[in-house]
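Asks: here is the input, now give the coordinates:
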Amino acid sequence: MSIARKHNRHTVGIIDIFAGPGGLGEGFSSFETSKGTRPFELIVSAEMERSAHATLRLRAFYRLLLHKEGEIPKDYLKFLETVASGASPTAAEHFGDGRWRELWREACEEALNLTLGVEADNQALYERIEAARDRHDEMILIGGPPCQAYSLVGRARQRNVDGFRTDGIPKHFLYRQYLAILARFKPAVFIMENVKGILTSTVGGKEMFSAIRMDLSDPTKALGLPASGDRGNSKYVLLPIHVPQGVARTEELAARDPSAFVIRSEQHGLPQARHRVIIMGIRADHAIPATATIPGLQVLQTGATIAQALAGLPALRSGLSNRADDGQDWLCEVQDELKQAIAAIRHDLPDVARVLRDARPDPTLPRRAIKYAQARVGKLATVIKGNHDGVVLNHETRGHMKSDLGRYLFCAAFAEARGRSPTSQDFPAQLAPDHRNWASGAFADRFRVQRHDAPSSTITSHLSKDGHAFIHWDTAQCRSLTVREAARLQTFPDDYLFLGNRTQQYVQVGNAVPPMLARQIAGVVHQIVQA
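Replies: Got it, this is the predicted structure:
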């Protein structure tokens with residue numbers, strides 16, 4: 001019997017570190033049991049980047065409002081409308097005084113702007129956990145250390161830098177902040193998310209994944225701390241979250257095949273082919289035999305598509321970089337690029353040229369929209385949208401170089417004609433960008449269209465730099481994805497407002513764990529702590 005049952009309580013406290021904008025926390029806090037209860041409560045979340053922390057804090061305030069009022073007050077909806085219309089009042093200015101000041105203070109105590117690894121910030125986090133732990137029978141640690149050091153692409157680029165060495169890069173070892181919390185507070189379960197590259201990353205010739213697993217299984221020993229009297233309760237059994245039906249969730253499975261830790265989001269109802277390593281650590285006293293047979297994540301026979309996820313969002317057109325926006329000016333430039341693209345491919349790619357001839361870029365479309373489109377919306381978009389009937393948030397296009405618009409048109413037309421996005425080898429020389437490594441094949445899919453009838457590729461923080469890998473399929477719009485569209489593909493609810501400038505918003509969305517996936521993970525964890 002679990003401690004939760006012994007104490008007859010109903011909530012498990014969540015500690016969320018390296019929280020980003022809060023995707024994992026959103027999934028856990030929104031998980032509902034079959035009886036309609038929400039067993040997980042966020043007690044603290046920590047994020048170092050200021051704009052992500054602002055997003056995190058506002059969402060903490062939103063949850064407190066919903067819990068207190070039972071519905072979202074008009075004052076909060078008015079704030080969303082103000083932000084969506086282009087004004088930029090801070091949430092602290094709007095809610096820090098007046099009727100909601102006490103709830104805002106609570107949100108500030110829950111969502112902390114901390115840099116873990118800095119001693120003063122570590123102590124602030126520990127004090128918050130200590131203050132909240134007695135309200136819960138058990139705690140769970142969730143989050144993921146920064147991914148850059150483990151990224152396969154990142155390492156490929158760094159190898160080209162003279163003198164590059166991975167030894168001692170702090171980002172490789174931020175997972176050790178997990179160890180300190182595990183050793184000190186001994187949560188019942190932890191969830192650690194990272195990129196697939198962690199499976200093959202090495203530092204100084206040492207395999208990182210093996211070392212991380214060893215440390216996480218016995219954090220007290222890994223930190224060189226003296227063994228306590230409850231030594232058995234300070235060790236963890238590391239298991240996959242998901243196992244196929246009929247397969248037992250065991251340590252032997254994980255040891256034999258580390259890829260068992262990889263979660264493929266498109267297999268579990270998400271409109272995105274996002275593959276991530278997610279480690280579940282279960283405190284030894286909770287790792288009972290029944291854990292092996294607890295069902296994994298839902299598995300759907302038919303994958304979700306981008307079009308299903310984005311249904312109801314209004315159509316937009318792009319703009320031109322470093323120029324005042326004018327629809328007719330934009331149309332003239334796009335049509336010029338269209339003619340050049342058709343001339344470049346009419347002999348070698350006649351089917352793509354036919355699609356381009358039928359393209360009708362629409363200068364009447366806006367660059368930004370805050371009202372939903374009158375469109376048929378299916379189950380997936382309805383679930384993501386939730387009960388939010390107000391304004392559309394974070395839905396504004398960026399401007400692009402004129403020549404890139406021609407490439408976007410070509411990519412969208414190619415995908416429509418051939419059923420796939422083109423690679424660099426498919427591009428005619430006239431449309432090739434002036435990139436040093438374009439012909440090398442290293443970044444063959446630098447320009448990638450997202451097909452409406454398939455899941456998207458992995459939403460990443462690179463969206464903040466340019467939209468080349470996230471081209472909208474519609475030639476009439478000729479653009480890359482907006483922050484809200486990326487957030488939909490990440491399954492963030494529509495009332496989730498991302499703060500900061502647009503670049504920062506893209507980074508937040510790309511670095512997050514999809515809440516819909518996190519909610520399924522929470523379901524598995526809930527069965528474990530209740531076993």
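
Asks: when you work out contacts or count neighbours from here on, use the C-alpha atoms and nothing else.
Replies: Noted.

Asks: could you chop this structure up by domain?
Replies: Per the record, the chain has its domains at 3-305+513-530, 314-391+398-481, by automatic domain parsing.

Asks: endpoints of stretch 451-468, how far apart?
Replies: Using Cα to Cα, to the nearest Å, the end-to-end distance of stretch 451-468 comes to 14 Å.

Asks: what residues of that stretch count as buried?
Replies: For stretch 451-468, the buried set under the neighbour-count rule, 16 or more other Cα atoms under 10 Å, comprises 451-452, 454-464, 466-468.

Asks: those: which two are farthest apart?
Replies: The most widely separated members of those, counting by Cα to Cα, are Ala454 and Ser464 (22.8 Å).

Asks: quick revisit: mean pLDDT lowest for which of the domains of the chain?
Replies: Mean pLDDT is lowest for domain 3-305+513-530 among these, at a mean of 87.

Asks: still on that earlier bit, including distance to Phe498, could the domains of the chain go into JSON lines?
Replies: Output for those, formatted as JSON lines (distance: least, Cα to Cα, whole Å):
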{"stretch": "domain 3-305+513-530", "distance to Phe498": "5"}
{"stretch": "domain 314-391+398-481", "distance to Phe498": "13"}
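
Asks: quick one: the strands in the stretch 51-200 of the chain, in order.
Replies: Per DSSP state E, counting those that start in this stretch, the stretch 51-200 of the chain carries strands over the ranges 111-113, 139-143, 189-195.

Asks: got JSON lines for those strands, with mean neighbour count and distance to Gln490 too?
Replies: As requested, the strands of the stretch 51-200 of the chain are exported to JSON lines (neighbours: other Cα atoms under 10 Å; distance: least, Cα to Cα, whole Å):
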{"stretch": "strand 111-113", "mean neighbour count": "24", "distance to Gln490": "21"}
{"stretch": "strand 139-143", "mean neighbour count": "24", "distance to Gln490": "16"}
{"stretch": "strand 189-195", "mean neighbour count": "23", "distance to Gln490": "15"}
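
Asks: nearest to Tyr76, out of these?
Replies: The nearest among the strands of the stretch 51-200 of the chain, by Cα to Cα, is strand 111-113 at 18.4 Å.

Asks: wait, doesn't Thr423 sit right on Val449?
Replies: No: if you go by Cα atoms under 8 Å, Thr423 and Val449 don't touch, sitting 10.3 Å apart.

Asks: so which of the two has more stuff around it?
Replies: The neighbour comparison of Thr423 against Val449 (other Cα atoms under 10 Å) goes to Val449, with 32 against 15.

Asks: would you agree the more buried one is in contact with Ile471?
Replies: Yes: because the distance of 4.4 Å satisfies Cα under 8 Å, Val449 is recorded as touching Ile471.

Asks: shared neighbours of those two, anything?
Replies: Residues within reach of Val449 and of Ile471 at once, by Cα atoms under 8 Å, 6 or more residues apart in numbering, are Tyr408, Cys411, Ala412.

Asks: redo the residues you listed as CSV? Include secondary structure.
Replies: CSV is the format used below for these (DSSP: H, G, I helix; E, B strand; the rest coil):
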residue, secondary structure
Tyr408, helix
Cys411, helix
Ala412, helix
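
Asks: count of residues packed around Ala412?
Replies: Other residues close to Ala412 by other Cα under 10 Å number 30.

Asks: with Met48 instead?
Replies: Neighbour count for Met48, taken as other Cα under 10 Å: 17.

Asks: kindly report the same for Pro366.
Replies: By other Cα under 10 Å, neighbour count at Pro366 equals 17.

Asks: identify the residue spatially nearest to it, adjacent ones excluded.
Replies: Sequence neighbours aside, Leu316 is the residue nearest to Pro366 in space, at 5.3 Å (criterion: Cα to Cα, 6 or more residues apart in numbering).

Asks: who's in contact with that neighbour?
Replies: Leu365, Pro366, Arg367, Arg368, Ala369, Glu396, Thr397, Gln477.

Asks: who touches the fifth one in this structure?
Replies: This points to Ala369. With Cα under 8 Å, 6+ apart as the criterion, the residues that contact Ala369 are Pro314, Leu316, Val392, His395, Glu396.

Asks: so the third one touches Ala373, yeah?
Replies: No: at 9.9 Å, Val392 does not count as touching Ala373 under the criterion of Cα under 8 Å.

Asks: between the two, which one's more packed in?
Replies: A side-by-side neighbour count of Val392 and Ala373, using other Cα under 10 Å, places Val392 first with 26 against 14.

Asks: for the closest residue to the more buried one other than its chain neighbours, give me phi and psi.
Replies: Nearest non-adjacent residue to Val392, counting by Cα to Cα, 6+ apart: Ile370, 4.3 Å away. According to degrees, to the nearest 10, the main-chain angles of Ile370 amount to phi -120, psi 0.

Asks: still on that earlier bit, got any residues that touch both of Val392 and Ala373?
Replies: When contacts are counted by Cα under 8 Å, 6+ apart, Val392 and Ala373 are jointly contacted by Leu313.

Asks: contact partners for Val392?
Replies: Each residue near Val392 by Cα under 8 Å, 6+ apart is listed here: Ala84, Leu313, Ala369, Ile370, Lys371, Tyr372, Asp494.

Asks: returning to what we had before: nearest to Val507, of the domains of the chain?
Replies: Going by Cα to Cα, the one of these nearest Val507 is domain 314-391+398-481, 4.3 Å.

Asks: mind checking the end-to-end distance for the closest one?
Replies: Start-to-end, domain 314-391+398-481 (Cα to Cα) is 12 Å.

Asks: stretch 469-487 now?
Replies: Stretch 469-487 has an end-to-end distance of 16 Å (criterion: Cα to Cα).

Asks: distance to Glu49 for the strands of the stretch 51-200 of the chain - can I get that in TSV?
Replies: Putting those into TSV (distance: least, Cα to Cα, whole Å) gives the following:
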stretch	distance to Glu49
strand 111-113	7
strand 139-143	15
strand 189-195	18
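
Asks: next one: Val525 from Ala311, what distance?
Replies: Val525 sits 31 Å away from Ala311, going by Cα to Cα.

Asks: with Met192 instead?
Replies: Met192 sits at a distance of 32 Å from Ala311 (criterion: Cα to Cα).

Asks: same check, this time on Val355
Replies: With the distance defined as Cα to Cα, Val355 ends up 23 Å from Ala311.

Asks: for these two, indicate the residue with more neighbours.
Replies: Per other Cα under 10 Å, whichever of Val355 and Ala311 has more neighbours is Ala311, with 22 against 19.
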